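Trainee: what would the 3D arrangement of this be:
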Amino acid sequence: MKKMRKGVEGLIVEKDILRQLEVTRKMMIDSGLQNGLLNKKTLRLSEQVDRLINAFDANKEKELNTKQFTTKIIQ
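Mentor: Sure, this is the predicted structure:
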């Protein structure tokens, strides 16, 4: 049951990150168009998008490592 719960939590986290990423990305694009690409707000949003992408990648890597570890134990 714990494995199932972990998987569901992972999906929730992944969906939350993707949702935040899309919203922040749209805000960044809008800011870039309105204020310019070198505007402080645009750059701050760009950094936030980078952090969200890194969080998404880290979550995926952790998920992959967990699956590989579980597979090795079962074998």
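Trainee: what is the subsequent helix or strand relative to the lowest-mean-pLDDT helix or strand in the chain?
Mentor: Every helix and strand of the chain was ranked by mean pLDDT, DSSP states H and E. The lowest is helix 2-35, at a mean of 82. Going down the chain from helix 2-35, the next helix or strand is helix 40-74, by DSSP states H and E.
Trainee: how far off helix 2-35 does that following helix point, in degrees?
Mentor: Taking axes from the mean of the first three to the mean of the last three Cα atoms, to 10 degrees, one finds helix 40-74 and helix 2-35 inclined to each other by 160 degrees.
Trainee: list the buried residues of helix 40-74.
Mentor: T42, L43, L45, S46, Q48, V49, L52, A55, F56, E63 (16 or more other Cβ atoms under 10 Å). Quick note: C-beta positions are derived from backbone N, CA and C, even for glycine.
Trainee: between these, which sits nearest R25?
Mentor: When those are compared for distance to R25 (Cβ to Cβ), V49 wins out at 5.4 Å.
Trainee: the residue lying closest to N39 once chain neighbours are set aside and L18, how far apart?
Mentor: Computed as Cβ to Cβ, 6 or more residues apart in numbering, the closest residue to N39 that is not its neighbour in sequence is S31, at 6.4 Å. If you measure S31 against L18 using Cβ to Cβ, to the nearest Å, the figure is 20 Å.
Trainee: which of those two has more residues huddled nearby?
Mentor: The neighbour comparison of S31 against L18 (other Cβ atoms under 10 Å) goes to S31, with 19 against 12.
Trainee: got a list of what that one touches?
Mentor: Contact analysis of S31 by Cβ atoms under 8 Å, 6 or more residues apart in numbering lists N39, K41, T42, L45.
Trainee: swap in 6 Å and give it another go.
Mentor: K41, T42, L45 (Cβ atoms under 6 Å, 6 or more residues apart in numbering).
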